[in-house]
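Colleague: structure for this input, please:
(chains A and B)
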There are 2 protein chains.
Amino acid sequence: MVPHLITALTGPINELEQRVLDSMPAIERWFRLEWMEHTPPFYASVDIRNAGFKLAPVATNLFPTGWGNLTPQMLPLAVQAAMAAIEKICPEARNLLLVPKNGELSSFCLESLMQLQRIFNMAGLNVRLGSIDPAVKKTTTLTLQNGETLTLEPVIRGKRRLGLKDFDPCTILLNNDLSAGVPGILEEIFEQYLLPPLHASWPTRRKSKHFKAYEEVAKRLGKLMGVDPWLINPLFDKCEEVDLEQPAGMDCLRVQVDAVLTRVRRKYKEYGIKEKPFVVVKADHATHELGIVTVRDAKDMQVLTDRVKAITQGRKKPLLPHGFMVQEGVLTQERVNDAVAEPVIYTMDRYVVGGFYRVHAGRGMDENLNAPGSGYVPLAFEHSTLLPQPGVKPGASVPNRFYMYGVVGRLAMLAASYELEATDPDAENDE
Amino acid sequence: MVPHLITALTGPINELEQRVLDSMPAIERWFRLEWMEHTPPFYASVDIRNAGFKLAPVATNLFPTGWGNLTPQMLPLAVQAAMAAIEKICPEARNLLLVPKNGELSSFCLESLMQLQRIFNMAGLNVRLGSIDPAVKKTTTLTLQNGETLTLEPVIRGKRRLGLKDFDPCTILLNNDLSAGVPGILEEIFEQYLLPPLHASWPTRRKSKHFKAYEEVAKRLGKLMGVDPWLINPLFDKCEEVDLEQPAGMDCLRVQVDAVLTRVRRKYKEYGIKEKPFVVVKADHATHELGIVTVRDAKDMQVLTDRVKAITQGRKKPLLPHGFMVQEGVLTQERVNDAVAEPVIYTMDRYVVGGFYRVHAGRGMDENLNAPGSGYVPLAFEHSTLLPQPGVKPGASVPNRFYMYGVVGRLAMLAASYELEATDPDAENDE
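Modeller: The predicted structure follows:
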């Protein structure tokens, strides 16, 4: 189940949406059974695009930093989920060390940390913030825009444990995706729970692995609902070892862009969709200076070439070879005050605990919105007196349109769970 | 953690309340550890009285029927908790049979059943209503005040299973406290989950057993918070085999009323409380025709004698001997629109999922409010932008006064868990 939030989309419910709503008990049971076999990521945020005819995740973040965008009314859900997560992993926990990312923390980030501290505090833990940034050498007070303050302390690494001065946590909650690599200070911590595990961070993760796992679970959910899995799954392919500075370095990308576009075009034709297909090219691991590039035609890779030129110009250190992913672009039909918007779903343990819209007035419906200039619009709970109920007479209840976002968000979370199992260095290979 | 609901009480926070709020992380951790060892009742409602200086549960219902009073905004919490409960007990469940009480179902009851159906449906189960009332012989459509309908079907008992026509549930959810005794139709169901178990119903339960267990857990929580357990525990004693029709039949009651009043008086003196102590006399099991009687003085049992006379007059069948409980009366300081009010806390699995006020304009602050003429006022979520956070500057956050009700509610739920363990006929006695 997913909270009933007011979505921006208000048009008639289409076939896919109806199928998702009608399949609710079967979908919930399926998730329930999946979570018996697989461990959900500790927390996650999933960016979703709703093209109307198609609904799909485009990015799954395992170290979400937008908790500040959840409204106070959603907090009890997050706390309840946090309690469930803590109970399963470390019920005896008393102290929790929250590790934010390195570098300067934006006000957006501070609000998120404050909210996380609040959530875990209400779940029954003493929470303190410890930085692993070598630049943080002494205790610092950080002031939020509303005047509240957070205390950031430098972590102290013992032989086998990580902590703060006079604070020995049994659980460490990473809110740092470790894009720059796993620092030694986090290695060989055998006596404490480190959540999420290190292999959930970018040095190990690959987007293509995640979407490969997503493709599998989407196929199974599609079968369960009786819909073509493509309606919830973005097609993709990957290019390993792309060397952007070699003339032939982009050949692989060109081939894959063409291949993915061809597959999308075929699907659009099958469904009579008149929109122009597009793909997005993005780094397979973490973020790349190149950013996320929208390409509409394999013959016209100019936009990519231009971007490469711009970042290589006058550069001394060469760009290293890199893996890229070519992903089917999913249009977003959602608008908040005329600005293009995409829902972002927040999960903790196996539960959807809230969501908000990412909006970007300067971007088009086929562009990446997670870029400078984006804003966030919290979703409110639906205050209608009735929740959707199959079988009630039409008009008696407002359908929970947010439900389908919650389903797709959890599907991405399930994919992350498969992904993490496959990359777990400690996993026993009992096949 | 407990949702932040707006309470009727708005005065300054007293010492007890402050102690509860300050002990939040320790309290939550304690509950977490308790739930590792003990199984929470499937669902419960707890009536709480807040005398200002003292806060205590006065009744714990293990078959709550006021679900209709929870606001739509609370539903996601209930659904999340229902998912957790189902996952633990019967994750593979697909169909759930909901069994309401026998006899005519009031509109209050119908709304509650509708809400329960909705909650478990959203948790991923097909829910149908089956009556065990022998008077229900065919499928009946029941119409709620808002025009929605519920379908009530007669149950069909197989050799080992209970179900409906074309509906074979793996789980049966009793919403019937079986006051009249356990019917044969519910016995020897070995292949299905029957929730709550039969020994949670009134033929087995005794209020005095519940409050004995509550006394124990209140002592432990009191120690944890550093407060006198009396501040959260109503004193009580019991009389077994009271025969109201014999002249000496009430002797035991008189002695116990005096004893409990003396103990309460001593406590009032210790704390400098100026109010007049009182006790309530109630049946130890289910409800008795006698009702719940407030007694202010052992010498003046007239009110009880009058009540007995009223119900025995002109009666052919004698009143049977019966067990009674004499419980310290707890004043309620809460008012909703000038009417005396008491909070009712709803729990599912280990979670507080909502609450409401029971109000009764015609009753005093020392009287039972669960009586004809009572009304219900749903509690709304606090919409302030900030939730309570220890350490934030005063005024920056609204304290969650509902939190302490949630703590006491869960303490009663924990007591019920101990109580059910002690009365479980299938328990292995491995001492």
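
Colleague: end to end, how far does stretch A:137-146 reach?
Modeller: Using CA to CA, to the nearest Å, one end of stretch A:137-146 lies 26 Å from the other.

Colleague: show me what counts as buried in it.
Modeller: The neighbour-count check on stretch A:137-146 (16 or more other CB atoms under 10 Å in any protein chain shown) flags residue A:142 as buried. Where C-beta positions appear, they are placed from N, C-alpha and C, glycine not excepted.

Colleague: pull the distance from that stretch to the chain's centre.
Modeller: 27 Å (CA atoms, centre = their mean, to the nearest Å).

Colleague: outside of that stretch, which residues touch it?
Modeller: By CB atoms under 8 Å, 6 or more residues apart in numbering or on different chains, the residues outside stretch A:137-146 that reach it are A:105, A:107, A:110, A:111, A:114, A:149, A:150, A:151, A:152, A:153, A:154.

Colleague: mean confidence for it?
Modeller: Average pLDDT, stretch A:137-146: 94.

Colleague: cool, and stretch A:343-360?
Modeller: 91.

Colleague: only C-alpha atoms, please: export it in PDB.
Modeller: The C-alpha trace of stretch A:343-360 is given here as PDB (Å, rounded to 0.1, in the frame of the first residue of the first chain):
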ATOM      1  CA  PRO A 343       7.400  12.300  -9.400                       C
ATOM      2  CA  VAL A 344      10.100  11.200  -7.000                       C
ATOM      3  CA  ILE A 345       9.200   8.300  -4.700                       C
ATOM      4  CA  TYR A 346      10.800   7.800  -1.300                       C
ATOM      5  CA  THR A 347      11.000   4.400   0.200                       C
ATOM      6  CA  MET A 348      12.300   3.000   3.500                       C
ATOM      7  CA  ASP A 349      12.500  -0.700   4.100                       C
ATOM      8  CA  ARG A 350       9.800  -2.100   1.900                       C
ATOM      9  CA  TYR A 351       7.400   0.800   2.300                       C
ATOM     10  CA  VAL A 352       6.600   3.900   0.200                       C
ATOM     11  CA  VAL A 353       6.800   6.600   2.700                       C
ATOM     12  CA  GLY A 354       6.200   9.700   0.500                       C
ATOM     13  CA  GLY A 355       7.000  11.500  -2.600                       C
ATOM     14  CA  PHE A 356       7.200  14.900  -4.300                       C
ATOM     15  CA  TYR A 357       7.500  16.400  -7.700                       C
ATOM     16  CA  ARG A 358      10.700  17.500  -9.200                       C
ATOM     17  CA  VAL A 359       9.900  20.400 -11.500                       C
ATOM     18  CA  HIS A 360      12.000  22.400 -13.900                       C
END
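
Colleague: would you map the helices across the stretch 51-200 of chain A?
Modeller: Secondary structure of the stretch 51-200 of chain A (DSSP state H, counting those that start in this stretch): helices at A:75-89, A:107-122.

Colleague: which one, of these, ends up nearest to residue B:290?
Modeller: Closest approach to residue B:290 among the helices of the stretch 51-200 of chain A (CB to CB): helix A:75-89, 40.0 Å.

Colleague: give me the helices and strands touching the closest one, please.
Modeller: Counting by 3 or more CB pairs under 8 Å, 6 or more residues apart in numbering or on different chains; DSSP states H and E, the packing neighbours recorded for helix A:75-89 are helix A:107-122, strand A:339-348, strand A:351-360, helix B:24-37, helix B:75-89.

Colleague: can you list contacts of the first one?
Modeller: Think helix A:107-122. With CB under 8 Å, 6+ apart as the criterion, helix A:107-122 contacts A:64-70, A:75, A:78-79, A:82, A:86, A:96, A:98, A:100-101, A:105, A:127, A:129, A:142, A:144-145, A:148, A:150, A:173, A:175, A:348, B:1, B:24-25, B:28, B:387, B:389-390.

Colleague: let's see it as CSV, backbone CA atoms only.
Modeller: Output of helix A:107-122 as CSV, limited to C-alpha atoms (Å, rounded to 0.1, in the frame of the first residue of the first chain):
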residue,chain,number,x,y,z
SER,A,107,20.5,23.9,2.5
PHE,A,108,18.6,21.2,0.6
CYS,A,109,21.0,18.6,2.0
LEU,A,110,20.8,20.1,5.6
GLU,A,111,17.1,19.9,5.6
SER,A,112,17.2,16.3,4.4
LEU,A,113,19.7,15.4,7.2
MET,A,114,17.6,17.2,9.8
GLN,A,115,14.6,15.1,8.6
LEU,A,116,16.5,11.9,8.7
GLN,A,117,17.7,12.7,12.2
ARG,A,118,14.1,13.4,13.2
ILE,A,119,12.8,10.2,11.7
PHE,A,120,15.4,7.9,13.4
ASN,A,121,15.1,9.8,16.6
MET,A,122,11.4,9.2,16.7
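
Colleague: show me the shaky parts of chain A.
Modeller: Residues of chain A that meet the criterion pLDDT under 70 lie in A:1-13, A:380-399, A:428-431.

Colleague: what's the distance between residue A:162 and residue A:169?
Modeller: Between residue A:162 and residue A:169 the computed distance is 8 Å (CB to CB, to the nearest Å).

Colleague: same question, residue A:233
Modeller: To residue A:169, residue A:233 is 39 Å away according to CB to CB.

Colleague: now do the strands in the stretch 251-400 of chain A.
Modeller: Along the stretch 251-400 of chain A, counting by DSSP state E, counting those that start in this stretch, strands occupy A:279-283, A:293-295, A:322-328, A:335-336, A:339-348, A:351-360, A:375-378.

Colleague: could the helices and strands packed on helix A:75-89 go into CSV alongside distance to residue A:38 and mean neighbour count?
Modeller: Formatted as CSV, those follow (distance: least, CB to CB, whole Å; neighbours: other CB atoms under 10 Å in any protein chain shown):
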stretch, distance to residue A:38, mean neighbour count
helix A:107-122, 23, 22
strand A:339-348, 14, 26
strand A:351-360, 15, 25
helix B:24-37, 22, 18
helix B:75-89, 13, 24
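
Colleague: how about a markdown table for these, with distance to residue A:228 added?
Modeller: A markdown table is the format used below for the helices and strands packed on helix A:75-89 (distance: least, CB to CB, whole Å):
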| stretch | distance to residue A:228 |
| --- | --- |
| helix A:107-122 | 37 |
| strand A:339-348 | 22 |
| strand A:351-360 | 24 |
| helix B:24-37 | 43 |
| helix B:75-89 | 28 |
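
Colleague: which one, of these, ends up nearest to residue B:369?
Modeller: helix B:75-89 (23.5 Å).

Colleague: then that closest one to PDB, C-alphas only?
Modeller: Extracted in PDB, the C-alpha atoms of helix B:75-89 (Å, rounded to 0.1, in the frame of the first residue of the first chain):
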ATOM      1  CA  LEU B  75      -5.300   4.900   6.700                       C
ATOM      2  CA  PRO B  76      -1.800   4.600   5.200                       C
ATOM      3  CA  LEU B  77      -0.400   4.000   8.700                       C
ATOM      4  CA  ALA B  78      -3.000   1.300   9.300                       C
ATOM      5  CA  VAL B  79      -2.300  -0.300   6.000                       C
ATOM      6  CA  GLN B  80       1.400  -0.200   6.500                       C
ATOM      7  CA  ALA B  81       0.900  -1.900   9.900                       C
ATOM      8  CA  ALA B  82      -1.500  -4.400   8.400                       C
ATOM      9  CA  MET B  83       1.100  -5.300   5.800                       C
ATOM     10  CA  ALA B  84       3.600  -5.800   8.600                       C
ATOM     11  CA  ALA B  85       1.200  -8.000  10.500                       C
ATOM     12  CA  ILE B  86       0.200 -10.100   7.500                       C
ATOM     13  CA  GLU B  87       3.800 -10.500   6.400                       C
ATOM     14  CA  LYS B  88       4.700 -12.000   9.800                       C
ATOM     15  CA  ILE B  89       1.800 -14.300  10.200                       C
END
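
Colleague: give me the angle between that helix and helix A:75-89.
Modeller: In terms of direction (axes from the mean of the first three to the mean of the last three CA atoms, to 10 degrees), helix B:75-89 departs from helix A:75-89 by 20 degrees.
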